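Novice: Give me a 3D structure for the following:
(chains A and B)
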Amino acid sequence: MSRPDIRALVLLIAGFTLWSAAFVLLYALQALGCAYDWGAAHRPILIGTYLASLLPLAWLALRRPYETGEPQTSLSRAALWANRAALGAGILVFLPVTFATTCL
Amino acid sequence: MSEPISPIRLHKQLERIWMTPSGIGRLSSVNHTVLGKRFMVVALTFFAIGGFLSMLIRAQLATPHSAFIGPEIYNQIFTMHGTVMMFLFAIPMFEGFVIYMLPKMLGARDMAFPRLTAYGFWCYLFGGMILIGAMLAGVAPDSGWFMYTPLSSRPYTPGINADVWLLGITFVEISAVTAAIEIFVSILKMRAPGMALTRMPLMAWYMLVTSGMMIVGFPPLILGSILLELERAFDLPFFDPTRGGDPLLWQHLFWLFGHPEVYIIFLPAAGALSTIIPVFAQRQILGYRAIIAAIVAMGFLSFGLWVHHMFTVGIPHLALAFFSAASALVAIPTAVQIFAWLGTLASGKPKWDVPMLYVFGFFFVFVIGGLTGVMLAMVPFNTQVHDTHFVVAHLHYVLVGGFVFPMLAGIYHWMPHISGRQSLYRLSVPAFWLIFSGFNLTFFQMHLTGLMGMPRRISTYPSNWGWDWLNLSSSIGGFILTMGFALVLADMVLQFRYGRFFRRDPWQAQTLEWATATPPPSYNFAAIPRIDIRADGLEPARIGPVQAGGAGYLGFAREDRQETMGVDMATGAPEHVMILPRRTYLPLWTALATASFFLAMLFGFYALAPFGALATLILFLLWPASLGQKRDQGPVDIGMGEKAPLDVECDSNVSVLANRAAIVMDATLFASLLFGGLFLLVVAPNWEGMTPLDLPLWLAGTALAAAALAGGASLLARRANGRGGRGGPWLLATVLGQIAAVAMLVMLALALPEPTAHARQAVILALISYGALHCGLGGLMAGHGYWRLSQGYVSARRQTEMVLAWLWNLYAGAALVPALGLIVLLALEGATP
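Specialist: Take a look at the predicted model:
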């Protein structure tokens, strides 16, 4: 398998893999902050992680797809839509860190 | 190889190599067509058993104050209904379908590991028999299909009922995890040459994502089952809150599997719909690439929803909001697919036939189930209807709509492929209307009884709460539904017996499975065709006779070998020739040995269980004995004027890929264990006032060093072998290193004080055991590599065994790092900071 093929295939799952990692990280930080009483620092840590997680998702969602022939072109176009969906999911699902009660 | 040969003679030569013998020889079959049909027949038998249990449930609930069956039996019946339908019907049914169909759709002659298919089938059959046998003996599981602790823990379920579930389901799930790896590898590596990933029919994309989900979805359940069985059998308190355990850990582990499981069941059905709808719309599917993106999105999002089954257990608002948002969001990729199917129908020239009736049933029922799913994703509504019949209605609309209706559409679409005959359609239409009306009459009412507050799992109810007529009509609907299924069964029997014969591709479908003869021969394709366009726009009626005549890849019988093509994962370019193992009784014997392990555990003969495990291991070690080559052959003729090496001479063969997938699965189980340990440390009650454990942690450090050295030695063995040097001594060093690591870890475990006293020690014991098991496995793989090397099966070009030894030793060493880290963290709990 050539490098562009591998890249196109990896891109297909890259956005949601990052989304999953951010999901686990935020959920863990929420639990740890409550268990060890991080107090006022808890929400800024969560919001910081939220924003940091959106950066690579946004980068993936804005990448131009490969136009180097099949199967990379079709794969990377499908990847573009999957990565845009991952960015949307990240914005929406993690948004509650900005307002929801953290430990109640 | 290429001298002309008549199609009949070629057929006879190939059939002699690939066929399954008659009589007792049937038990030696490893052929995917045979095993796929067996899976489906057994799954449909379990479906009938599960259906019968549901009729007993509805008979009990038809009237208030019913004395039809008592609460003890009722508990067993509703538990077994859910268990049978989820684990013994839905998953094996699609596994059977995929095992039967996928190689034919992709242009392969079998799945990647035929003996593993057979082993999985026997594990499924024997595990299912344990569960059904227990039910007939009156000791079936009775704690609900999700086995919540503490109800399923020893104090509240003292008999073997819960053990039957934990051990029986784990035994059955062997078939799911082996199938997952096999499907994943087969899709990526075993397609017709030229079939790039983006030329695959959508069914293959659905199954690629589904198998990936199974690889990371099943391990949490398997881990949970192991931990709960360890608690029940050996009193290790993982879920006992009085000793630092937590029942919520079980819920997390179960639903980490349980929610993706719904999508694992739905996605194959959606794949079937994406194949059937274009046939009857008479146009290619709309939005091929959008659907691929939607499947990937669904696959991932479905892992972010599990806590919506736990909204009422007392979780902070922030976590509730995460899971609520993700639960609502998953409706979007689902809708993308539904609109793509509707768009395909709207822009095509739909023709009405029986499969389309069931497709209509799917749309109607599944959309309602999806909408109630969005309602349940909202925390306030979910809290209101939690554990009521509304949830029962929702899950049946989703699962019957999302799996059973597409399955029936698939049965009517693909049954001619299996039987070689077409249905006469006398019964299928009334059968549909009985199923459709019976289903809605049964389950729509449950939305209402649920909203009126009727709880799940109750065996009786009072008569003055307005539930009476709804329950009675629900029960009447249940019996109408059953009559519909009985008609489908009769229709299937009649089709096999009296259906009319047809030539090829009766629906004018455009996928490759219709290019085989029907019923298909054991080898599928006399020659594997080259695919240069998208594989859902083919002309099977044209391809069929060409391939039957031997024109294509591997259109010959060579040295009595079962040969098929291995291709580049992305482009589908021919890469190597795979030689598949032929029929053998080994999978059956191995499954029987595995059964002896599970039965010894079930009946409390714990001293005998290791012998069952050992017998299984020894039999597995016999599997490769007949495989491989003792000399380098170089590229061989594959037809079409091309040559390719044999799989053993190819670095990226299916064995290596399958082991990588198995390591991912193993790592997911390990990650679940780490999560469990951290969860208990951070969240569980009764961890206050602890003092640090007096553990000889130098043993842990020494074990890590030994495992790291072993990993390094396995790498050097691989490199030396790759250069044509002697890898044997390095393999022996690997074995010795891992023996030392295991010895250190065993000593560490023996030094652990009172593992049953507190969850902390129980988790440490589990981590040490995991580490020791994998160091042992690493040593075993290295020892196996040495043996194969000494037998002449390994060379600089044939280095699969060296790669596998390196992979497993690398993993063993890598896994020890977080395991020992968590052990230190747990041991130091209570130390002054």
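
Novice: give me the number of residues near residue 82?
Specialist: You didn't say which chain, so I picked chain A. Residues lying near A:Ala82 (other Cβ atoms under 10 Å in any protein chain shown) number 28. Just so you know, the C-beta spots here come from the backbone N, C-alpha and C atoms, and that holds for glycine as well.

Novice: looking at chain B here, not the other one
Specialist: 19.

Novice: Excluding residues flanking it in the chain, which one is nearest it?
Specialist: In this structure, B:Gly82 finds its nearest non-sequential neighbour in B:Trp145, 3.0 Å apart by Cβ to Cβ, 6 or more residues apart in numbering or on different chains.

Novice: Same question for B:Ala720.
Specialist: B:Gly727 (4.5 Å).

Novice: for B:Ser626, same thing?
Specialist: Using Cβ to Cβ, 6+ apart, the nearest residue to B:Ser626 is B:Pro581, at 6.7 Å.

Novice: and the gap between the one you found and chain A?
Specialist: As judged by Cβ to the nearest Cβ, to the nearest Å, B:Pro581 and chain A stand 26 Å apart.

Novice: One more: B:Met207?
Specialist: 16 Å.

Novice: could you say which helix or strand contains B:Ile418?
Specialist: Per DSSP states H and E, B:Ile418 falls inside helix B:405-419.

Novice: what's the answer for B:Val577, then?
Specialist: According to DSSP H and E, B:Val577 maps onto strand B:574-580.

Novice: Other residues contacting that strand?
Specialist: With contact meaning Cβ atoms under 8 Å, 6 or more residues apart in numbering or on different chains, strand B:574-580 is reached by B:109-110, B:112, B:114, B:189-190, B:193, B:553-554, B:561-568, B:627, B:636, B:638, B:642, B:644-650, B:652-654.

Novice: Then stretch B:546-561?
Specialist: Residues outside stretch B:546-561 that contact it (Cβ under 8 Å, 6+ apart): B:1-2, B:5, B:7, B:10-11, B:13-14, B:16-17, B:192-193, B:515, B:517, B:525-530, B:563-565, B:574, B:577, B:579, B:636, B:638-640, B:642.

Novice: What values do phi and psi take at the residue of chain A positioned farthest from its centre?
Specialist: Within chain A, the residue lying farthest from the chain centre (Cα atoms, centre = their mean) is A:Gly69, at 27.8 Å. Note on A:Gly69: backbone dihedrals following degrees, to the nearest 10 are phi 100, psi 170.

Novice: Can you mark which positions in the helix or strand where B:Pro333 lies are buried?
Specialist: Element membership for B:Pro333, per DSSP H and E: helix B:331-347. The neighbour-count check on helix B:331-347 (16 or more other Cβ atoms under 10 Å in any protein chain shown) flags B:331-334, B:336-338, B:340-341, B:344-345 as buried.

Novice: Rounded mean pLDDT for it, please.
Specialist: Mean pLDDT, helix B:331-347: 96.

Novice: Check whether it comes near chain A.
Specialist: Yes: under the criterion of Cβ under 8 Å from any Cβ of the partner chain, helix B:331-347 makes contact with chain A via B:332-333.

Novice: Give me the next element, helix or strand, following that helix.
Specialist: Next along from helix B:331-347, by DSSP H and E: helix B:354-377.

Novice: who does that next one touch, helix- and strand-wise?
Specialist: helix B:247-281, helix B:317-329, helix B:331-347, helix B:379-385, helix B:389-399, helix B:405-419, helix B:428-451 (3 or more Cβ pairs under 8 Å, 6 or more residues apart in numbering or on different chains; DSSP states H and E).

Novice: Dump those to CSV, plus distance to B:Ser475.
Specialist: CSV is the format used below for those (distance: least, Cβ to Cβ, whole Å):
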stretch, distance to B:Ser475
helix B:247-281, 26
helix B:317-329, 31
helix B:331-347, 31
helix B:379-385, 21
helix B:389-399, 13
helix B:405-419, 22
helix B:428-451, 8
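
Novice: For A:Ala28, find the nearest of those helices.
Specialist: helix B:317-329 (10.7 Å; Cβ to Cβ).

Novice: Can you pull out the low-pLDDT segments for the chain?
Specialist: Using chain A. A:1-4 (pLDDT under 70).

Novice: nope, chain B please
Specialist: By pLDDT under 70, the weakly predicted segments of chain B are B:1-3, B:832-833.

Novice: Identify the residues contacting the residue minimising distance to the centre of it.
Specialist: For chain B, B:Ala176 is the residue whose C-alpha lies nearest the centre (Cα atoms, centre = their mean; 3.0 Å). Counting by Cβ under 8 Å, 6+ apart, B:Ala176 makes contact with B:91-92, B:95, B:120, B:214, B:218.

Novice: Also B:Ile295?
Specialist: Per Cβ under 8 Å, 6+ apart, neighbours of B:Ile295: B:205-206, B:209, B:267, B:270, B:333, B:337.

Novice: switch the cut-off to 6 Å
Specialist: By Cβ atoms under 6 Å, 6 or more residues apart in numbering or on different chains, the contact list for B:Ile295 reads B:205-206, B:209.

Novice: Settle this for me: B:Ile528 is touching B:Ala108, isn't it.
Specialist: No: look at B:Ile528 against B:Ala108 with Cβ atoms under 6 Å: they stay out of range, at 7.4 Å.

Novice: Could you give the number of residues near residue 57?
Specialist: In the absence of a named chain, this looks at chain A. Using other Cβ under 10 Å, the number of residues around A:Leu57 comes to 23.

Novice: switch to chain B, that's the one I care about
Specialist: 18.

Novice: what helices or strands is the strand or helix carrying it leaning on?
Specialist: Taking DSSP H and E as the criterion, B:Ile57 maps to helix B:32-61. Counting contacts by 3 or more Cβ pairs under 6 Å, 6 or more residues apart in numbering or on different chains; DSSP states H and E, helix B:32-61 is packed against helix B:71-83, helix B:91-106, helix B:114-136, helix B:468-498.

Novice: element containing the residue nearest in space to the middle of chain A, please.
Specialist: Nearest residue to the geometric centre of chain A (Cα atoms, centre = their mean): A:Trp19, 3.0 Å. In this assignment (DSSP H and E), A:Trp19 forms part of helix A:3-35.

Novice: From the contact counts, what lies against that helix?
Specialist: By 3+ Cβ pairs under 6 Å, 6+ apart, helix A:3-35 packs against helix A:42-62, helix A:72-94.

Novice: ok, of the buried residues of helix B:331-347, which one's closest to B:Asn161?
Specialist: B:Thr334 (36.4 Å).
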